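S.K.: turn this into a model:
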Amino acid sequence: MSSWSVFLQHTEELSQQVHQRVTDDNRARVIQNVQRLLAVRSELLPELSQPEDEEEKARVERVKSLDKDIQQMLDLLFGGLKREMRNVKRQKSSNQKYTNPYQSLSAYDGMFMDRKK
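M.R.: Residues are numbered from 1 along each chain as shown. Got it, this is the predicted structure:
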């Protein structure tokens, strides 16, 4: 099997992973699989050579088209993850303000000491 065939196979597997529906239950597994497949692909990159025949050129074009699609899906996946992290952070600060609403006020609220002469 040529190096482009193996690379295309891993690229197609990565494409399937990023097109899965991501829920709270399977998010960690999907991210772990995506990272694993990206690591495998990065190891295969130095071994790739120039395509020699038409069949390999077709594989290269297929990899390019899949790669664009994968990049868009990864942007969506990690954009959603960032959005959820912001929401959790916002909710955490909101909960803290609810449990201790006077936390942000300073303890020195302008006392006046009157001295008698």
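
S.K.: tell me which element the residue nearest the centre of the chain falls in.
M.R.: Centroid check for the chain by C-alpha atoms, centre = their mean gives Phe78 as the closest residue, at 3.0 Å. According to DSSP states H and E, Phe78 maps onto helix 54-99.

S.K.: distance between that helix and the chain's centre?
M.R.: 5 Å (C-alpha atoms, centre = their mean, to the nearest Å).

S.K.: what packs against it?
M.R.: Applying 3 or more C-beta pairs under 8 Å, 6 or more residues apart in numbering; DSSP states H and E, one finds that helix 54-99 makes contact with helix 3-18, helix 27-44. Where you see a C-beta, it was placed from the backbone N, CA and C, and this is true even at glycine.

S.K.: pass me the low-pLDDT residue ranges in the chain, would you?
M.R.: For the chain, the stretches flagged by pLDDT under 70 are 1, 104-112, 117.

S.K.: check contacts around Thr99.
M.R.: By C-beta atoms under 8 Å, 6 or more residues apart in numbering, the contact set of Thr99 is empty.

S.K.: where's it relative to Glu47, distance?
M.R.: 56 Å (C-beta to C-beta, to the nearest Å).

S.K.: what's the distance between the residue nearest to the centre of the chain and Asp24?
M.R.: Taking C-beta to C-beta, one finds Phe78 at 16 Å from Asp24.

S.K.: please apply the same query to Glu55.
M.R.: Relative to Asp24, and taking C-beta to C-beta, Glu55 is found at 42 Å.

S.K.: of the two, who's got more company?
M.R.: Glu55 (12 against 7; other C-beta atoms under 10 Å).

S.K.: now the more buried one: how far from Glu13?
M.R.: From Glu55 to Glu13 the distance is 20 Å (C-beta to C-beta).

S.K.: residue contacts, Leu74?
M.R.: 18, 34.

S.K.: apologies, that question was intended for Leu81.
M.R.: 27, 31.
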